[in-house]
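*Asks:* Sequence below, structure please.
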Amino acid sequence: MSASAFPLLDTIASPADLRGLDRRALGQLARELREFIVESVAKTGGHLSSNLGTVELTIALHHVFQTPDDRIVWDVGHQTYAHKILTGRREGMATLRQFGGIAGFPRREESPYDTFGTAHSSTSISAALGMALASRLNGEKRHAVAVIGDGAMTAGMAFEALNNAGTTDARLLVVLNDNDMSISENVGALNNYLARLLSGSIYTAARKAGERVLRAVPPALELARRAEEHVKGMVTPGTLFEEFGFNYIGPIDGHDIDVLVTTLKNIRKLDGPQFLHVVTRKGKGLSAAEDDPILYHGVSKFDPAVGIVAKPAAKPTYTQVFGDWLCDMAARDRRLVGITPAMREGSGLVRFSQEYPDRYFDVGIAEQHAVTVAAGMACEGIKPVVAIYSTFLQRGYDQLIHDVCIQNLPVVFALDRSGLVGADGPTHHGAYDLSFMRCLPNMTVMAPADENECRQMLYTAFTLDTPTAVRYPRGAGPGVAPVAAMTALPVGKGEIRRRGSRVAILAFGSMVQPALEAAETLDATVANMRFVKPIDDALVAELATTHDLIVTIEENAVQGGAGSAVAESLAAGRHAVQLLQLGLPDQFVEHGDTAILLDLCGLNAAGITRAVQARLHR
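*Replies:* Just a heads-up that it's a prediction; the model follows:
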């Protein structure tokens, strides 16, 4: 029998085993763990760069803290593969992000070590603070740790949590995983030494003793406090976090496991809110990922020996259609600007950012701000296009209502990843946008049936002087080539794609194609409704008076969605016709291959056919 490639990792079934290791063995464990992650993700696909960057940090946290009694909350959570492997889910990595397998993000129901479900960013400090405060209320002395990336720190919610936490005496540690830079000279021996010093018991005791002595002389105490801040501020960027009420430590090398362990052990002895600044490198240990961490951020299956080889797409994705339209429209109209909350690549804005850098605005992971800054621009005659995932617009919903719709401002929302998105699961499915947008006054909502219709709808939205949204799915459509010319569609008007008898299927967006396939078996009429709001009342009335059964189908929650708009139209017209509403069920849809999920939800041709035949034969 050949020797295992991971002799030390093989001995780790839980963090308890990890805590039993001699510190000198942790470096070898990190090397084995990093190699295992590369081999595993190469077979399944998933997030890679971020996970390679947090190997040593993950080992150090579980080595020092008594998890799961001590709580660790991982922000976003796409960097938790090492955490999953060390907490008893190594075998499960073969099923990562697959239907029935383990999730790509922390989930409370999956493991007691996943203390909080995270997949959207910037929630960790709030959640960990809540846990720390609850621990105190319950008379417990456990620690709460929030691990947050530098990108997630751009969100207002993170600073709201810092502002609140600094006024408490909670046993909270915030670890800033800063991977925006490589480890430079100033994050070397001097800063590692200072981190040990600033987190150590001697420094802490001396500071407290000094405070007691100087408290009797308030001006001297204030002078000493400011002097300490000045000295720490000269060698660390921690003054801001000190002002929030945290004891700032760092920055330290996030790949030096000895420094990490020493510093965390010191911090564990301290009371009150602590802030540890750790500098890591995305893609650490895999040269290709280090050189291009964006390419290796989320990967499909690949050969580690060869790396990722780009393959030309058979047909353009909706994201590419949007990106091309945005550039074409920008050439026509100088008022156009593109706004994204830190999703340039995912939303198709790379070309636009290069060709129109002065009109491209990446506002960071700050969806609320993205919506309101667009509203401010619209007030001044600019025509903003906000490129945002459906699931992330949920985070800016109040701004959508209060800042855009109430003021009836001409902001275009390009909603990518609407509907089921596959392996990322329930946190990323765009399952609710039709429901939460169509209830808003002044809003126009469109859903394209194909790539060309997407381009024309984006143009239509841009020509309107009111809030508009075009929602489209992840990936490619049916393969209809976009026409270079741009034509405004008549607002609120659908079209008949197929004439049949008895059954009329009113399909929205991505459901038009499976509806057409099902109609061949059912001999049904198929309408491409195009607009969710305003709904085509005339077309609904026509089909209701000429068919026995109206079927609505959408890749959105049934409750309050496009089918509900049709039901309201039928009720207003007093049409006595049977209605069958198909869409996503009243439950959170799990992660897995999109085709599998659509089949489970009955939103493919076979599912539509079964549902209609069952209704007809009742």
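
*Asks:* just the strands in the stretch 501-618 of the chain please.
*Replies:* 503-507, 525-528, 531-533, 549-557, 578-584 (DSSP state E, counting those that start in this stretch).

*Asks:* next one: the stretch 151-300 of the chain
*Replies:* Counting by DSSP E, counting those that start in this stretch, the strands of the stretch 151-300 of the chain are 172-178, 247-253, 274-279, 298-299.

*Asks:* residues touching the residue most central in space within the chain, list them.
*Replies:* The centroid of the chain falls nearest to H120 when counting by Cα atoms, centre = their mean (4.2 Å). Under the criterion of Cβ atoms under 8 Å, 6 or more residues apart in numbering, the neighbours of H120 are 76, 391-392, 395, 427. For every residue, glycine as well, the C-beta is placed using N, CA and C.

*Asks:* from those residues, which is closest to D362?
*Replies:* Distances from D362 to those, taken as Cβ to Cβ, are shortest for F392 (13.5 Å).

*Asks:* So that closest one belongs to a helix, correct?
*Replies:* Yes: looking at F392 with DSSP: H, G, I helix; E, B strand; the rest coil, it is inside a helix.

*Asks:* What residue, apart from its backbone neighbours, is nearest it spatially?
*Replies:* In this structure, F392 finds its nearest non-sequential neighbour in E367, 5.2 Å apart by Cβ to Cβ, 6 or more residues apart in numbering.

*Asks:* And for D586?
*Replies:* Q559 (6.4 Å).

*Asks:* any idea how far D150 is from that neighbour?
*Replies:* Remark: distance between Q559 and D150 (Cβ to Cβ, to the nearest Å) = 38 Å.

*Asks:* likewise D362?
*Replies:* In terms of Cβ to Cβ, D362 sits 14 Å off from D150.

*Asks:* if we can go back for a sec, and of the strands of the stretch 151-300 of the chain, who's closest to H143?
*Replies:* strand 172-178 (6.5 Å).

*Asks:* Could you check that closest one and say which residues are buried?
*Replies:* By neighbour count on 16 or more other Cβ atoms under 10 Å, the buried set for strand 172-178 is 172-178.

*Asks:* what is the rounded mean pLDDT of it?
*Replies:* Taken as a whole, strand 172-178 carries a mean pLDDT of 95.

*Asks:* if we look at it, which residues are touching it?
*Replies:* Under Cβ under 8 Å, 6+ apart, the answer for strand 172-178 is 53-54, 57, 61, 79, 125, 128-129, 132, 143-150, 153, 162, 165, 246, 250-251, 254, 267, 273-280.

*Asks:* now, which of those residues lie within helices?
*Replies:* Among the contacts of strand 172-178, the members falling in helices (DSSP state H) are 53, 57, 61, 125, 128-129, 132, 162, 165, 267.

*Asks:* Please name whichever of the strands of the stretch 151-300 of the chain is nearest to A431.
*Replies:* Closest among the strands of the stretch 151-300 of the chain, once you apply Cβ to Cβ, is strand 298-299, at 20.4 Å.

*Asks:* which parts of whichever helix or strand comes after the closest one are buried?
*Replies:* Downstream of strand 298-299, the first helix or strand assigned by DSSP states H and E is helix 318-332. Using 16+ other Cβ under 10 Å as the test for burial, helix 318-332 gives 318-327, 329-330.

*Asks:* Pairing partners for the helix or strand just after helix 318-332, with directions?
*Replies:* Downstream of helix 318-332, the first helix or strand assigned by DSSP H and E is strand 336-340. Sheet partners assigned to strand 336-340 using DSSP bridges are listed as strand 360-362 (parallel), strand 383-389 (parallel).

*Asks:* got a list of what A562 touches?
*Replies:* Counting by Cβ under 8 Å, 6+ apart, A562 has contacts 434, 438, 447, 508, 529, 532, 535, 552, 554, 556, 583.

*Asks:* From T444, how far out is the residue nearest to D586?
*Replies:* 21 Å.

*Asks:* Quick check: W74 vs N177, distance?
*Replies:* Taking Cβ to Cβ, one finds W74 at 9 Å from N177.

*Asks:* which neighbours do the two share?
*Replies:* In contact with both W74 and N177: V147, using Cβ under 8 Å, 6+ apart.

*Asks:* from memory V337 sits against M377, does it?
*Replies:* Yes: between V337 and M377 there is a contact under Cβ atoms under 8 Å: 6.4 Å.

*Asks:* Which of these two has more residues huddled nearby?
*Replies:* V337 (22 against 18; other Cβ atoms under 10 Å).

*Asks:* Disregarding flanking residues, what is the spatial nearest neighbour of the more buried one?
*Replies:* Leaving aside its chain neighbours, V337 sits nearest to R359 (4.6 Å; criterion: Cβ to Cβ, 6+ apart).

*Asks:* which SS class is V470?
*Replies:* Applying three-state DSSP to V470 yields a three-state assignment of strand.

*Asks:* That one against V412, yeah?
*Replies:* Yes: contact criterion Cβ under 8 Å: V470 and V412 qualify, at 7.4 Å.

*Asks:* Now for the two: what residues contact both?
*Replies:* Contacts common to V470 and V412, judged by Cβ under 8 Å, 6+ apart, are 458, 461.

*Asks:* I'd like the contacts of H120 as JSON lines, with neighbour count appended.
*Replies:* Output for these, formatted as JSON lines (neighbours: other Cβ atoms under 10 Å):
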{"residue": "V76", "neighbour count": "24"}
{"residue": "T391", "neighbour count": "24"}
{"residue": "F392", "neighbour count": "24"}
{"residue": "R395", "neighbour count": "22"}
{"residue": "T427", "neighbour count": "19"}
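
*Asks:* on that earlier part again, now do the contacts for the residue nearest to V337.
*Replies:* 330, 336-338, 352.

*Asks:* If we use 10 Å, what do you get?
*Replies:* Contacts for R359 (Cβ atoms under 10 Å, 6 or more residues apart in numbering) come out as 326, 330, 334-339, 352-353, 382, 384-385.
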